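*Asks:* Could you work out the structure for the sequence below:
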Amino acid sequence: MNTQSKAINLADKLATFDDHWQPRTVATFNGHDIMVVKVKGEFVWHHHDDTDDLFLVLSGRIRIELRDRNIELGPGELFVVPRGVEHRPVAVEEAHVMLIEPTGTPNTGDADTAARRQVI
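*Replies:* Modelled structure (predicted):
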């Protein structure tokens with residue numbers, strides 16, 4: 001995927017799909033996927049043994065639930081869940097989020113239950 005030849009409009013990319021919790025890769029960067037995702041409702045509790053998990057809210061509000069506290073995020077705010085820390089993202093209303101993860105990282109922490117990688 002050659003993304004160096006033009007700017008990437010994240011809102012345009014988000015407008016190409018409607019499903020929730022199905023990240024779409026819009027670019028790659030040093031072995032990482034830069035993804036956009038629409039979220040609504042509760043995701044599964046999970047963790048990533050080998051990588052941190054970055055959430056940057058583009059629109060709406062999300063809550064990152066940790067076992068000992070909750071992190072509330074609005075537009076323009078980000079939070080990095082450290083590797084190995086169990087967490088669950090939650091959005092009462094639809095929110096749009098950018099994620100950056102090493103390519104191939106399963107979104108559920110388990111390759112058997114993860115959403116398949118989709119490039120747009």
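*Asks:* When you work out contacts or count neighbours from here on, use the C-alpha atoms and nothing else.
*Replies:* OK.
*Asks:* helices and strands around the helix or strand containing Thr25, which ones?
*Replies:* According to DSSP states H and E, Thr25 maps onto strand 24-29. Packing partners of strand 24-29 (3 or more CA pairs under 8 Å, 6 or more residues apart in numbering; DSSP states H and E): strand 32-42.
*Asks:* Could you check which helix or strand contains the residue most central in space within the chain?
*Replies:* Centroid check for the chain by CA atoms, centre = their mean gives Leu99 as the closest residue, at 3.7 Å. Assessed by DSSP H and E, Leu99 sits inside strand 87-102.
*Asks:* I'd say the residue nearest to the centre of the chain and Asp52 touch.
*Replies:* No: with contact defined as CA atoms under 8 Å, Leu99 does not reach Asp52; the gap is 10.8 Å.
*Asks:* I'd guess Asp12 is in a strand, am I close?
*Replies:* No: per DSSP: H, G, I helix; E, B strand; the rest coil, Asp12 lies outside any strand segment and is helix.
*Asks:* Run a quick neighbour tally on it.
*Replies:* Neighbours of Asp12 under the rule other CA atoms under 10 Å: 9.
*Asks:* On the pLDDT front, check it for me.
*Replies:* We have a pLDDT of 96 for Asp12.
*Asks:* do you know how far it is from Pro82?
*Replies:* According to CA to CA, to the nearest Å, Asp12 and Pro82 sit 30 Å apart.
*Asks:* Likewise for His47?
*Replies:* 9 Å.
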